[in-house]
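Trainee: Next come a sequence and a model predicted from it.
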Amino acid sequence: MFWIMAGAMMVLVGGAILLPFMRRGAAPALSPAAFDLRVYREQLREVDRDIARGVLAPDDAARLRTEIGRKVLEADRALTRQAAPDHRAPRAAIAAAALAALLAGSVGVYARLGSPSMPDLPLAERIAAADRRMAARPLQAEAEAAAPARPRPQPPEDYARLVQQLRDAVARRPGDAQGLALLAEHEARLGNLVAARQAQESLLSARGKDATAEDHARLAGLMIEAAGGAVSREAEAQLGTALKLDPQNGQAHYLQGLMLAQGDRPDLAFAIWRRLAETSRPDDPWMEPLRRLLPDLAWLAGHPDYQLPGGNAPPLPGPDAADMAAAAAMTPEQRQQMIRGMVTQLETRLADQGGAPEEWARLITALARLGDTAHAQEIWTEAQGRFAGRPEALAAIAGAGAEAGLTGTAAP
């Protein structure tokens, strides 16, 4: 059926292209010489009519006939020079040969790069296939076993020793919810994602009915990270529980959209992410990946003209033109003091209100450039904890740490 339709379209298009070359159509427009010849002959007839009416003397008529006759001869010679053979037939043959070569080349390229044997795939079948893939997803243990190995940051010895002490303390008190929460956080920070997932599961068991939507959403996030980004059926169940406890939980909605996008349902994923982007604050942790992923997802979902609310990522706070002009007039010591004041303001705001990963990365690099490497290391450690469980954010933090020359800043 495909080749029949394609062949019919090729014949129709080829015929439409060749038709202007093949048909003769209306007579071509008169050349200037032919038009002049027609005018002069009409003038000769007009002289005869004037003689018949008696308004023109015979001597004047003879003189006019001689003059018009001379012009007729000149126009006739010009018309003879302008005459050219009809090249319509050769042009049509050349056009037909070029079109045939073009169509043959198109068929050859498609046969080599395309999939002529691929069957039709209506929307209903695509949805059914997506549902089958969702149902056939591996279990969490299988997904973790198949996940590619990821590099882990090398922590300072003191920090590694403290985490080991935390592990020992939790082993002695397996029902300690606070200890389990800390262990899950620090295992994730160290890149021990399976251990972090296991600690978070133990935390939910310890809290029982008191477990919050954030607890379940965090477990789902750790499951996804431990599985190399794949959303298993167990992770989906945790997302469902989180949304049942808190239908407005942003992290759960983001991960739910990720699951649907992985399952080849961009239409459903776009609806969730669009609503999430429109109801979230610009500095919410899921907004940064949404700004990167949502435009492509919108195109796949059939909304190519979709624009993110508020445009792209908001500009990070920083010095304005007035600040830059004032800095240009300062001494080096005054300029350094102004920079330290701005860095302090940024650190205070992040400590009190939080901020985007890019702002934490800016603070880390600024402190390192000011020579306060020890404090930059402390901020890096704090940022790792704040954004644990978010690979995109941790990548920005690790990049800032690497730029600042800090230890233990391998990408998560």
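Mentor: All right, it came through fine.
Trainee: you'd agree residue 192 is up against residue 152?
Mentor: Yes - with contact defined as CB atoms under 8 Å, residue 192 counts as touching residue 152 (7.4 Å). The way it works is simple: take the backbone N, C-alpha and C, and place the C-beta from them, glycine included.
Trainee: quick one, phi/psi of residue 284?
Mentor: Note on residue 284: backbone dihedrals following degrees, to the nearest 10 are phi -60, psi 140.
Trainee: For the closest residue in space to it that isn't next to it in sequence, list the residues it contacts.
Mentor: Computed as CB to CB, 6 or more residues apart in numbering, the closest residue to residue 284 that is not its neighbour in sequence is residue 250, at 5.9 Å. Contact analysis of residue 250 by CB atoms under 8 Å, 6 or more residues apart in numbering lists 276, 280, 284, 286.
Trainee: Looking at residue 192 and residue 152, which one has more neighbours?
Mentor: Neighbours of residue 192 and residue 152, each counted by other CB atoms under 10 Å, are more numerous for residue 192; the result is 19 against 14.
Trainee: Can you list phi and psi of that one for me?
Mentor: The phi and psi values for residue 192, taken as degrees, to the nearest 10, are phi -90, psi 70.
Trainee: Look up how far residue 46 lies from it.
Mentor: Separation of residue 192 from residue 46 (CB to CB, to the nearest Å) stands at 109 Å.
Trainee: now residue 186, nearest residue through space, not along the chain?
Mentor: residue 163 (5.0 Å).
Trainee: Tell me the buried residues in the helix or strand hosting the one you found?
Mentor: Using DSSP states H and E, residue 163 sits within helix 157-172. By 16 or more other CB atoms under 10 Å, the buried positions in helix 157-172 come out as 163, 166-167, 170.
Trainee: if we look at that helix, which residues are touching it?
Mentor: 155, 176, 179-180, 182-183, 186-187, 190, 199, 381, 408.
Trainee: Ranking helices and strands of this structure by mean pLDDT, which lands last?
Mentor: helix 321-328 (a mean of 50; mean pLDDT, DSSP states H and E).
Trainee: helices or strands up against whichever helix or strand comes after it?
Mentor: Counting by DSSP H and E, the element after helix 321-328 in chain order, helix or strand, is helix 332-353. Judged by 3 or more CB pairs under 8 Å, 6 or more residues apart in numbering; DSSP states H and E, the packing partners of helix 332-353 are helix 321-328, helix 357-369.
Trainee: same thing but 7 Å
Mentor: Contacts defined by 3 or more CB pairs under 7 Å, 6 or more residues apart in numbering; DSSP states H and E place helix 332-353 against helix 357-369.
Trainee: I'd like to know which elements the helix it packs on is packed against.
Mentor: Judged by 3+ CB pairs under 7 Å, 6+ apart, helix 357-369 is in contact with helix 332-353, helix 373-386, helix 391-404.
Trainee: For the last one, which outside residues touch it?
Mentor: Where contact means CB atoms under 7 Å, 6 or more residues apart in numbering, the residues beyond helix 391-404 that reach it are 225, 285, 288-289, 357-358, 360-361, 364-365, 368, 376, 380, 383-384, 387, 409-412.
Trainee: From these, list just the buried residues.
Mentor: Taking 16+ other CB under 10 Å as the criterion, what is buried in those is 225, 285, 288-289, 357, 360-361, 364-365, 368, 376, 380, 383-384, 387, 409, 411-412.
Trainee: Give me the number of neighbouring residues for the nearest residue to residue 343 once chain neighbours are set aside.
Mentor: In space, and not counting its chain neighbours, residue 343 is closest to residue 366: 4.8 Å by CB to CB, 6+ apart. Using other CB under 10 Å, residue 366 has 20 neighbouring residues.
Trainee: can you check residue 140 too?
Mentor: When neighbours are defined as other CB under 10 Å, residue 140 has 23 of them.
Trainee: Over to residue 247?
Mentor: Quick note: residue 247 (other CB under 10 Å) scores 10 neighbours.
Trainee: again, but for the one 10 residues further on
Mentor: For residue 257, the number of neighbouring residues by other CB under 10 Å comes to 27.
Trainee: Isn't it up against residue 272?
Mentor: Yes - Residue 257 is within contact range of residue 272, at 4.1 Å (criterion: CB atoms under 7 Å).
Trainee: Just the buried positions in the strand or helix carrying residue 129, please.
Mentor: Under the criterion of DSSP H and E, residue 129 resides in helix 123-135. Of the residues in helix 123-135, 130, 134 count as buried by neighbour count, 16+ other CB under 10 Å.
Trainee: Can you give the distance of that helix from its chain's centre?
Mentor: The chain centre lies 24 Å from the centre of helix 123-135; the measure is CA atoms, centre = their mean, to the nearest Å.
Trainee: try stretch 117-136
Mentor: Using CA atoms, centre = their mean, the offset of stretch 117-136 from its chain centre is 24 Å.
Trainee: And residue 275, how far from residue 247?
Mentor: Noted for residue 275: a distance of 11 Å to residue 247, by CB to CB.
Trainee: And for residue 223?
Mentor: Computed as CB to CB, the residue 223 to residue 247 distance reads 21 Å.
Trainee: sorry, back to before: average pLDDT for the helix holding residue 129?
Mentor: Averaging pLDDT along helix 123-135 gives 86.
Trainee: Tell me which residues are up against the helix or strand following it.
Mentor: Sequence-wise, the next helix or strand downstream of helix 123-135 (DSSP H and E) is helix 140-146. Residues from elsewhere that reach helix 140-146, judged by CB under 7 Å, 6+ apart: 138, 194, 223, 226-227, 230, 232, 234-235.
Trainee: try 6 Å this time
Mentor: Contact partners of helix 140-146, identified using CB atoms under 6 Å, 6 or more residues apart in numbering, comprise 194, 223, 226-227, 230, 232, 234.
Trainee: Nearest to residue 147 among these?
Mentor: The closest of those to residue 147 turns out to be residue 227 (CB to CB; 5.4 Å).
Trainee: what's the spacing between the closest residue to the closest one other than its chain neighbours and residue 369?
Mentor: Spatial nearest neighbour of residue 227, chain neighbours left out: residue 143 (3.6 Å); criterion: CB to CB, 6+ apart. Residue 143 sits 41 Å away from residue 369, going by CB to CB.
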